[in-house]
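Chemist: Next come a sequence and a model predicted from it.
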Amino acid sequence: MRITINRVCFITVMVLFLTSCAALFGPDGRRGVSSSLVDYLYPDGQVPPKHDETIPHLNLPLTVGLAFVPQRGYAPYALPEAKKAQLLEEVKQRFVGLEYIKDIVIVPETYMRSSKGFEGVGQIARLYGLDIVALVSYDQVAVSSETKSSILYWTIVGAYFIKGNQNQATTFVDTAVFDVNSRKMLFRAPGVSDIQQSSTLVEVEQVNREARQKGFELAMADMTNNLATELDRFKERIKEDNSVQITHRQGYGGGGGMQWPLLMLLAGLLMVRVSRREGRR
């Protein structure tokens with residue numbers, strides 16, 4: 001009788017354990033987190049305007065704002081803000097040395113959540129002195145499913161040592177670059193990743209969390225490479241179709257042009273050369 005009661009207690013505990021693990025991932029073993037660029041910039045059902053005839057004006061060098069679009073709703077398993085800031089910093093370091101960029105500012109998500117629409121973006125732009133903004137939206141789905149070997153979870157050894165769960169995290173990120181004044185999108189770049197890892201029952205939560213984080217890291221790295229490519233295409237395109245007006249701030253040559261100190265040096269050398277010629281005469 002004692003053995004029977006012990007077995008019943010053991011089975012009851014294991015059922016509760018399995019149920020609690022399944023509850024962490026929802027009824028179908030899925031978790032999802034996302035943010036929408038359209039919903040953020042055009043809230044309450046606003047219709048995006050047409051910018052076909054709009055010609056943005058970029059005054060080089062530029063101050064760029066870089067930020068994540070706030071997520072939809074509340075998700076306890078969302079990527080922490082500190083990790084988001086780290087990912088944005090890695091993107092920043094890829095482009096911070098470009099001659100036509102004065103500075104790249106990482107905008108805290110707290111500021112992004114304070115208001116929506118281009119009115120909110122405009123307020124942030126005035127606060128930081130931004131010329132353009134690069135907004136990163138994302139969509140991630142994490143799935144944890146049991147394999148055939150998960151039947152061994154009914155033993156204590158199986159729950160700890162049998163990798164009967166398959167954890168997958170599919171991540172998509174998209175960065176859209178906008179001119180603040182004209183509100184026109186200049187270009188955009190995507191990034192994707194797909195992570196798959198197996199785990200035991202007791203480590204499924206930790207492995208799934210690591211897969212979600214790694215998924216964001218790889219997707220952001222992929223996006224950064226694509227963003228560099230799209231930036232080069234954008235520079236070539238505006239040279240051909242004049243779809244963007246480019247001017248230079250005082251003291252900036254930009255685009256490979258000669259700087260004022262260099263011009264003054266050349267002018268001085270020319271004057272010396274002319275004076276020597278006059279002296280020989």
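Modeler: That came in fine, so what should we check first? All of these numbers come straight from a predicted model, not from anything done at the bench.
Chemist: same for the helix or strand Val173 falls within, what does it pack against?
Modeler: Here Val173, judged by DSSP states H and E, is contained in strand 165-179. The contact analysis (3 or more C-beta pairs under 8 Å, 6 or more residues apart in numbering; DSSP states H and E) places strand 165-179 against strand 132-146, strand 185-199, helix 204-241. The C-beta positions use only the backbone N, C-alpha and C, and glycine is treated the same way.
Chemist: Okay, now the sheet partners of that strand, with direction.
Modeler: strand 132-146 (antiparallel), strand 185-199 (antiparallel) (DSSP bridges).
Chemist: what's the average pLDDT for it?
Modeler: The predicted model gives strand 165-179 an average pLDDT of 91.
Chemist: Okay, angle between it and helix 204-241 too, please.
Modeler: Strand 165-179 and helix 204-241 meet at an angle of 30 degrees, taking axes from the mean of the first three to the mean of the last three C-alpha atoms, to 10 degrees as the criterion.
Chemist: Per-residue pLDDT of Glu205, please?
Modeler: 78.
Chemist: What of Val143?
Modeler: Model confidence at Val143, given as pLDDT, is 83.
Chemist: What is the burial count for it?
Modeler: Neighbour count for Val143, taken as other C-beta atoms under 10 Å: 19.
Chemist: Show me which positions of stretch 218-230 end up buried.
Modeler: For stretch 218-230, a neighbour-count test (16 or more other C-beta atoms under 10 Å) marks 218-224, 226-227, 230 as buried.
Chemist: quick one: which of those residues is nearest to Gln86?
Modeler: Nearest to Gln86 out of the buried residues of stretch 218-230 is Met220 (C-beta to C-beta; 9.8 Å).
Chemist: Phi first, then psi, for the closest residue to that closest one other than its chain neighbours.
Modeler: Excluding the flanking residues, the one nearest Met220 by C-beta to C-beta, 6 or more residues apart in numbering is Leu87, at 4.8 Å. Dihedral angles of Leu87 (phi, psi; degrees, to the nearest 10) stand at phi -60, psi -40.
Chemist: Please identify the most buried of the helices and strands packed on strand 165-179.
Modeler: strand 132-146 (a mean of 21; mean count of other C-beta atoms under 10 Å).
Chemist: where's Leu58 relative to Leu186, distance?
Modeler: As defined by C-beta to C-beta, to the nearest Å, Leu58 lies at a distance of 8 Å from Leu186.
Chemist: so what sits against both of these two?
Modeler: 132, 179, 244 (C-beta atoms under 8 Å, 6 or more residues apart in numbering).
Chemist: picking that back up, including distance to Tyr77, could the strands paired with strand 165-179 go into JSON lines?
Modeler: Output for these, formatted as JSON lines (distance: least, C-beta to C-beta, whole Å):
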{"stretch": "strand 132-146", "distance to Tyr77": "8"}
{"stretch": "strand 185-199", "distance to Tyr77": "15"}
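Chemist: closest one to Ala211 among these?
Modeler: Of these, nearest to Ala211 by C-beta to C-beta is strand 185-199, at 4.5 Å.
Chemist: The residue nearest to Met220 - how many residues pack around it?
Modeler: Neighbours of Leu87 using other C-beta under 10 Å come to 22.
Chemist: residues touching it, list them.
Modeler: 216-217, 220.
Chemist: For His57, see how far away the closest residue in space to Asp222 that isn't next to it in sequence is.
Modeler: In this structure, Asp222 finds its nearest non-sequential neighbour in Gly191, 3.8 Å apart by C-beta to C-beta, 6+ apart. Relative to His57, Gly191 is positioned 29 Å away (C-beta to C-beta).
Chemist: Same question for Phe118.
Modeler: Counting by C-beta to C-beta, the gap from Phe118 to His57 is 16 Å.
Chemist: Looking at the two, which is more packed in?
Modeler: Phe118 (17 against 12).
Chemist: And what about the more buried one, helix, strand or coil?
Modeler: Using DSSP: H, G, I helix; E, B strand; the rest coil, the structure places Phe118 in helix.
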